[in-house]
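Asker: Predicted model and sequence below, questions to follow.
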Amino acid sequence: MIRRKLEELFVKLLMILATILVVGSFFLIVGTIFSRGIPYINLDMITKTPGGGFYIGKEGGILNAIIGSLYIACGATILGLIISIPVALYINLYIAKRDFISGTLRLAFDVLFGIPSIVYGAFGFLIMVYFGLRASLLGGIIAVTLLVIPIMVRTLDEVLRTVPGELHDAALSLGATRWEMSKVILRQVKPGILTAILLSFGRGIGDVASVLFTAGFSDNIPTSLHEPAATLPLAIFFQLGSPIPEVQGRAYASALILTAIVLIITILSEVLIKRFSKHKI
Amino acid sequence: MTTTPHISVQHLNVTIGAQQVLKDISINIPNKKVISIIGPSGCGKTTLLKSFNRLLDNVPDVKIDGKVLVDGEDIYAPGAEITHIRKKMGLLSQRPYPLPMSIYDNVAYGPRIHGSPKRAELDELVEKQLKATGLWNEVKDRLKAPASKLSIGQQQRLCLARGLAVEPEIILGDESTSALDPISTAIIEDLFIRLKEQYTIVLVTHILRQARRVSDYIIFVYMGRIIEFGPTEEVLLNPKQELTKEYVKGFIS
């Protein structure tokens, strides 16, 4: 009896400790970014491009990186969605019958999911070299799209698998074609699609390795797809590498802005997910 | 059976994976009657039902051999128009699965995919089918509300209305009342009895009392074979086969 009670106590303690560790690290990270970044946050940071270059400049802001990151993350998320939804639908609703093929495809996406982003960056770079492209917004979007597609496909796949087969039957028995049925299923998984978007956006906006060679860096806001674009993670990297303390401090301010963007997107999607779940059965 | 059969099954064999689920099934389903398929769990009743509207096609590793004629047309013939076949039959599954949209859109879904009816026509049709399933008075003020907000019993009637809206000839019910409370069950059973004036109704059920209450004919399936087929009272009260006797008395289940 006493052994079971001790065991219960021990396991409970372990869970509490682990939770404290995780929550503690979270607050430590956010706290550090806040305490170091807040002194450097001002209106200029989010409304102006850098003055006097990134390594040495203390003036201006990081609007170029904010805009660049948003362009790349949004572009990649949209492109990724356009490619991932058909793939996920195909695996789940069109060939689910042939378990071998769908199994192989799932394995392939699992592998792609695990590939480090620098590999996508290098691959994107190779494509650009082949086509003679410079580092550009377009290159960045392509590399990040490659990065987020496996995330999206896997997320959508999981969500689609939770849809009961009876719902498929319900639509089919009314004489729906496979595509008409797919549209019904898509309505059902709308909240899941939003989750996929959120995950991809978060990953896309925060990733540095995939955009390192492909998007390049620029102090200006890109005005076309063929111009190099700055990104927030790279901006933080460059600012931290500066010998000037003020510029280093601006790195934390940039990190704070990046975190805030992700937070806003997360809260926004939570609200939307609730609204989208209205008709879910 | 004086009229021509509505569904005629001829030497139907179905294997799923390594298991033969249906063995040499031949049967004629009469027009505008209620037919109950009874039998122990796993005997193939649902498989038989799903072979009628080719939902069986979606089961992994399925092999279907034989003929199923609906209105004299072989639905498994190459080139048979599958959406056209399914449109002829409304399906009522075990649990109600309303489509993830409003009450109105659920009923309007079928007519919308099969044509582009005018708004007024749709309104009329939705009202007609919701009345036919006794749901109109309960939902007429909230047609735009999500179908998922209805009670399970109401959802099942909505699914029936949705099926009727594509103007089928046949209604297939797969243990359609097994998730429902007694009152909702009684409502659905009454609906079946009323609807047989216009439709042929095939029900899978494991509730013998229900089979007795609603059906004109009973098919008893055991281990993938049809053991007995005949008028309800005859099969239940005076079965010809030993297996049917044992099942009806509750010896095998």
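Answerer: Happy to help now that I have it. Numbering: from 1, shown residues only, chains lettered A, B, ... in the order given.
Asker: Could you tell me which ranges of the stretch 1-150 of chain B sit under the pLDDT cut-off?
Answerer: The model of the stretch 1-150 of chain B has pLDDT under 70 over residues B:1-3.
Asker: got the residue ranges for the strands in it?
Answerer: B:7-16, B:19-29, B:34-38, B:62-70, B:73-74, B:89-92 (DSSP state E, counting those that start in this stretch).
Asker: Between the ones you listed, which one is closest to B:Leu172.
Answerer: With C-beta to C-beta as the criterion, B:Leu172 lies closest to strand B:89-92 of the strands of the stretch 1-150 of chain B, at 4.9 Å. Every C-beta, even on glycine, is put in place using the N, C-alpha and C of the backbone.
Asker: okay, now the closest residue to B:Met223 other than its chain neighbours: neighbour count?
Answerer: Among residues not flanking B:Met223 along the chain, B:Cys43 sits closest, at 6.1 Å (C-beta to C-beta, 6 or more residues apart in numbering or on different chains). Neighbour count for B:Cys43, taken as other C-beta atoms under 10 Å in any protein chain shown: 23.
Asker: Now do the same contact list for B:Cys43.
Answerer: Neighbouring residues of B:Cys43 by C-beta atoms under 8 Å, 6 or more residues apart in numbering or on different chains: B:221-224.
Asker: which residues does A:Phe123 contact?
Answerer: Contacts for A:Phe123 (C-beta under 8 Å, 6+ apart) come out as A:143, A:146.
Asker: Can you report how many residues neighbour A:Ile221?
Answerer: Neighbour tally, A:Ile221, other C-beta under 10 Å: 16.
Asker: Can you give me every residue that contacts it?
Answerer: Per C-beta under 8 Å, 6+ apart, neighbours of A:Ile221: A:49, A:63-64, A:67-68.
Asker: now the residues you listed in CSV, with distance to A:Tyr130?
Answerer: CSV is the format used below for the contacts of A:Ile221 (distance: C-beta to C-beta, whole Å):
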residue, distance to A:Tyr130
A:Thr49, 32
A:Leu63, 33
A:Asn64, 28
A:Ile67, 28
A:Gly68, 24
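Asker: Does the most centrally placed residue in chain B lie in a helix or a strand, and which?
Answerer: Among the residues of chain B, the one closest to the centroid is B:Leu172, at 1.0 Å (C-alpha atoms, centre = their mean). Per DSSP states H and E: B:Leu172 is located in strand B:170-174.
Asker: After that strand, which helix or strand is next? Please name it.
Answerer: Per DSSP H and E, the first helix or strand lying C-terminal to strand B:170-174 is helix B:182-195.
Asker: Against which helices or strands is that following helix packed?
Answerer: With contacts defined as 3 or more C-beta pairs under 8 Å, 6 or more residues apart in numbering or on different chains; DSSP states H and E, helix B:182-195 has these neighbours: helix B:152-164, strand B:170-174, strand B:200-204, helix B:208-214.
Asker: Now the third one: average pLDDT?
Answerer: Yep, that's strand B:200-204 we're talking about. Across strand B:200-204, the average pLDDT comes to 95.
Asker: Export that strand to CSV, keeping only CA atoms.
Answerer: These are the backbone C-alpha positions of strand B:200-204, laid out as CSV (Å, rounded to 0.1, in the frame of the first residue of the first chain):
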residue,chain,number,x,y,z
THR,B,200,-38.8,1.0,-51.1
ILE,B,201,-37.2,0.8,-47.7
VAL,B,202,-34.4,-1.6,-46.7
LEU,B,203,-33.3,-1.6,-43.1
VAL,B,204,-30.6,-3.3,-41.3
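Asker: Now find how far off-centre it is within its chain.
Answerer: The chain centre lies 5 Å from the centre of strand B:200-204; the measure is C-alpha atoms, centre = their mean, to the nearest Å.
Asker: relative to helix B:182-195, how tilted is that strand?
Answerer: 150 degrees (axes from the mean of the first three to the mean of the last three C-alpha atoms, to 10 degrees).
Asker: Next to chain A in this structure, residues from the stretch 151-253 of chain B, please.
Answerer: Taking C-beta under 8 Å from any C-beta of the partner chain as the criterion, the neighbours of chain A within the stretch 151-253 of chain B are B:159, B:162-163, B:166, B:172.
Asker: with these in mind, which one is nearest to chain A?
Answerer: Among those, B:Val166 lies closest to chain A (C-beta to the nearest C-beta), at 5.5 Å.
Asker: from memory the closest one sits against B:Pro111, does it?
Answerer: Yes - counting by C-beta atoms under 8 Å, B:Val166 touches B:Pro111, with 6.8 Å between them.
Asker: rewinding a little: the strand holding B:Leu172 packs against which elements?
Answerer: When contacts are defined as 3+ C-beta pairs under 8 Å, 6+ apart, strand B:170-174 sits against helix B:45-52, strand B:89-92, helix B:152-164, helix B:182-195, strand B:200-204.
Asker: mean confidence for it?
Answerer: pLDDT averaged over strand B:170-174 gives 94.
Asker: Parallel or antiparallel, list what pairs with that strand.
Answerer: Strand B:170-174 has its sheet partners listed here by DSSP bridges as strand B:89-92 (parallel), strand B:200-204 (parallel).
Asker: mind checking how far stretch B:149-168 is from the chain centre?
Answerer: For stretch B:149-168, the distance to the chain centre is 13 Å (C-alpha atoms, centre = their mean).
Asker: Tabulate the strands of the stretch 1-150 of chain B (JSON lines), appending distance to A:Gly121 and mean neighbour count.
Answerer: Below are the strands of the stretch 1-150 of chain B laid out as JSON lines (distance: least, C-beta to C-beta, whole Å; neighbours: other C-beta atoms under 10 Å in any protein chain shown):
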{"stretch": "strand B:7-16", "distance to A:Gly121": "47", "mean neighbour count": "18"}
{"stretch": "strand B:19-29", "distance to A:Gly121": "51", "mean neighbour count": "18"}
{"stretch": "strand B:34-38", "distance to A:Gly121": "60", "mean neighbour count": "27"}
{"stretch": "strand B:62-70", "distance to A:Gly121": "46", "mean neighbour count": "17"}
{"stretch": "strand B:73-74", "distance to A:Gly121": "57", "mean neighbour count": "14"}
{"stretch": "strand B:89-92", "distance to A:Gly121": "51", "mean neighbour count": "28"}
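Asker: got these as CSV, with distance to A:Glu180 columns?
Answerer: Output for the strands of the stretch 1-150 of chain B, formatted as CSV (distance: least, C-beta to C-beta, whole Å):
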stretch, distance to A:Glu180
strand B:7-16, 25
strand B:19-29, 28
strand B:34-38, 29
strand B:62-70, 21
strand B:73-74, 23
strand B:89-92, 16
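Asker: Quick one, which of those gets closest to A:Arg203.
Answerer: With C-beta to C-beta as the criterion, A:Arg203 lies closest to strand B:62-70 of those, at 39.6 Å.
Asker: Return the closest one as CSV; C-alpha atoms alone will do.
Answerer: C-alpha atoms of strand B:62-70 as CSV (Å, rounded to 0.1, in the frame of the first residue of the first chain):
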residue,chain,number,x,y,z
VAL,B,62,-12.8,-5.2,-51.4
LYS,B,63,-13.7,-7.5,-54.3
ILE,B,64,-17.2,-7.6,-55.6
ASP,B,65,-18.5,-10.2,-57.9
GLY,B,66,-22.0,-10.7,-59.2
LYS,B,67,-24.9,-8.4,-60.3
VAL,B,68,-27.1,-6.0,-58.5
LEU,B,69,-29.9,-4.7,-60.6
VAL,B,70,-31.7,-1.6,-59.6
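Asker: Starting from it, tell me which strands it pairs with and how they run.
Answerer: Here, using DSSP bridges, strand B:62-70 pairs with strand B:7-16 (antiparallel), strand B:73-74 (antiparallel).
Asker: how far out from the middle of the chain is stretch A:85-105?
Answerer: With C-alpha atoms, centre = their mean, you get 24 Å for stretch A:85-105.
Asker: hmm, who's touching it?
Answerer: In contact with stretch A:85-105 (C-beta under 8 Å, 6+ apart) are residues A:106, A:149, A:152-153, A:156-157, A:160-161, A:168, A:178, A:181-182, A:185-186, A:193, B:58-61.
Asker: now those residues: which count as buried?
Answerer: A:149, A:152-153, A:156-157, A:160, A:168, A:181-182, A:185-186, A:193, B:58-59 (16 or more other C-beta atoms under 10 Å in any protein chain shown).
Asker: Since that was my last question, I'll sign off now.
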